[in-house]
Structure formats: C-alpha cells, structure tokens
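> give the three-dimensional model of this entry:
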Amino acid sequence: MDVSKLFYPSTAEALEAEAIAKKKKNGANKIGSMGSLPTPSIHYQPFTLSAPKPCSSICALALFGESRNKILCSDMAGHTSIYNTELRSFMTMPELNFRKGPNSVAVSIPGASAHAMSNFDNDMDHSLYIMDNHANWCCFEVLAYDPVEECWCWRLLPEPPFFQDREYEAPLKPCFTVVDNTKICVSTTTATYSFDTVTREWNKVVLPFKPEYVPELGLCLGISDGGPYDLCTLDNLSTATGSSPPVVRHVGMEFELPENWSRIKRALVNLGSLRFCIVNGYTIENEQDECDFNPVAVFTGVEVLPNSERGLRMIKHKSKCFNDFINFVL
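Below you'll find the predicted structure:
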C-alpha cells in the first residue's frame, strides 16, 4: 500500500485541513470515505501435498533483513520461506522445530545473529524470533545464519516464565516489542516479560501497552487500549528487573469511533521522519441482524512533532477506510 497517500504534502496543509474540519458541524476526527484495498502484489499459499488441511493456513508474516526487503512467511505446518521484494524471488527456509498456531508472532532484530549463534562471523547479521503462545505452553524459536554449516537454521530458546505467574492469562495474540536491539518484550493480558537475546534470560517488566521506539524523539510511542487518547508515549522505559513502571503521557486521538463499530485489531507502523501509520481493524454491526458483522480496516497517517508546551503534538493527516479484514501489518 502506498502510504504517501495518507499524508498532505506539508504539515501546514494538514493543519489547515484540520482547522476547516473543526469549523464544520461534527467534521473533526471523522473517518475517511470507504474504498477497496489495492490489488495484491504477492499471493501466499500454504504448502500442501493434496487437499487443504486444518494445519495449512498462514500463521506468521514478518519483515526480515537489514533493508527490510524480505518477507518471511510461515504456515501452521511449520514450513517457512522468504520472499525478496527487490529480487522478486523466493528462498525456502528450514522447517520450524515445532508447528505454530494462528496466534504466533514474529519479529526481526538486526545485529542479533551474533547472540543467536556462537562463532558468528558473517554479514548475514539478522535473526528472526517467532513465538507461539497457548493457554498452558509456549514455543520460542530463533532463525539465524550458522556460518559453520553455512545455512540458516531454527534454534529453540528458553520458554518464557508466563506459566509461573498465578495471575497469568493467555492473550489472543501476544505483542512483541524490541528494546535497544537486544531485548524483546512480550506482553500478555496481565504482565510483560523481557527476553535478553545476549544472556538468553527472562525478566518481568511493567509495560501498559506495546511501545515502538522512535530514535528521532528518543521516546517510545504506543497505542493504548483505553480512551480517550489512542496514541501515547512512555517515559523512563526500562527492562531491568524491579524497575519502576514507565510514565504514560497522552499524545492524541486519530478519530472518533462510530457507535456500531467494535475494534478488534490495532497496529502502529513507524514510517520514519516522525510520520506514522495507525491501522485499526473493526467489525460493523448490521442494524437488521445483530449476528451479522462486516469487517473494516482504517489506515490513518499522523505526524508526531515536539511541542515545547506539551512535549509532543500529534497532527492527523488523512484516513482511508477499506471494506476488508487485515490479518498482518508489516
């Protein structure tokens, strides 16, 4: 998707459009007009030998590589492959040690292969971590390049200490957050745990929501689950054991939610240059049939700028609404 269409040519034009919308009755913070998603450029199909099987659907998609030009795809049978968007070619990867389910999550960390493998001396300095979380067990693996065998391989990692927590509840889909390029924070419904890719140790930390580190601001931004603000920032974020909870500061809300819309998915994508894309997935209740729901995806372009008075200021640009359901946002 061309995200440039979510933004005005300049910040001044975005502010002017916002001022005009506020003058109109109920014109501010409204969702854009409905449309259709762009034509797909890549089609993924699970590896199957014959008829479709229950374990043949896609379970994970993740950006991979230094220039983020590779897309790793994994199905529920454990087959994995990488698509290079620049070369327009596929490369098969080894099978996972254990099959992953539809709620698995994956994240790529540049410069982490040295931690994932011993005797590392290769320019393929990237690792991809994938986790499958269930009610009473969890599988955690890393894909890294082995210079001795001269091949990519999956290695099992220590299981997170979720199940030792008496208050633990399995989330529908755990959230991954990378901190300082060496630590992975995994959030459940009740707590957040940090995995150190260097020491391979887990620690319990306190995070109110999934943050995204923004180097230009030196802060972490995230989407809160509750209102009235959606976009928030975290101060004094630390993954050290026993550290104090980070301070949450509200930044802004991208639009008002219609009454018959229910949010089912949220994602924040850092586009660089202090621009972000907020992606929300909704279901719209049918007024004639309360059991009938229509899926909707909303993409909103926002700009977050330093503000001497309030710390940060969110400037909304444009929103685009699509009649479709989004499973993965890269």
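
> for the chain, which segments are assigned as helices?
Listed in chain order, the helices of the chain (DSSP state H) span residues 11-23, 113-116.

> which parts of the longest one are buried?
Judged by neighbour count (16 or more other Cβ atoms under 10 Å), helix 11-23 contains these buried residues: Ala14, Glu18. All C-beta atoms are positioned from the backbone trio N, CA, C, and that covers glycine.

> from the chain's centroid, how far away is that helix?
29 Å (Cα atoms, centre = their mean, to the nearest Å).

> wait, what's in contact with Leu143?
Contacts for Leu143 were tallied using Cβ atoms under 8 Å, 6 or more residues apart in numbering; they are Leu72, Thr80, Met93, Pro94, Ser127, Leu128, Tyr129, Ile130, Trp152, Cys153, Trp154.

> 7 Å - rerun?
If you count contacts by Cβ atoms under 7 Å, 6 or more residues apart in numbering, Leu143 has them with Met93, Ser127, Leu128, Trp152, Trp154.

> including distance to Asn286 and neighbour count, could the residues you listed go into a markdown table?
Formatted as a markdown table, the contacts of Leu143 follow (distance: Cβ to Cβ, whole Å; neighbours: other Cβ atoms under 10 Å):
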| residue | distance to Asn286 | neighbour count |
| --- | --- | --- |
| Met93 | 42 | 20 |
| Ser127 | 45 | 25 |
| Leu128 | 40 | 28 |
| Trp152 | 47 | 19 |
| Trp154 | 44 | 19 |
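
> and those residues, which is closest to Ser262?
Nearest to Ser262 among those is Leu128, at 32.4 Å by Cβ to Cβ.

> I'd say that closest one and Leu61 touch.
No. The criterion here is Cβ atoms under 7 Å, and Leu128 misses it with Leu61 at 11.2 Å.

> can you map out the strands along the stretch 151-300 of the chain?
Applying DSSP state E, counting those that start in this stretch to the stretch 151-300 of the chain gives strands spanning 151-156, 175-179, 183-187, 192-196, 201-205, 211-214, 219-223, 231-235, 247-252, 261-272, 275-285, 293-307.

> mean pLDDT for the ones you listed: which is lowest?
Sorting these by mean pLDDT places strand 175-179 lowest, at a mean of 72.

> what sits up against it?
Val105, Val107, Ile109, Ile184, Cys185, Val186, Ser187, Lys210, Pro211, Tyr213, Thr239.

> could you give the angle of it to strand 201-205?
100 degrees (axes from the mean of the first three to the mean of the last three Cα atoms, to 10 degrees).

> buried ones in stretch 177-197, by neighbour count?
In stretch 177-197, counting by 16+ other Cβ under 10 Å, buried: 177-179, 182-188, 191-197.

> can you give me how far it is from the chain middle?
13 Å.

> quick check: end-to-end length of that stretch?
13 Å (Cα to Cα, to the nearest Å).
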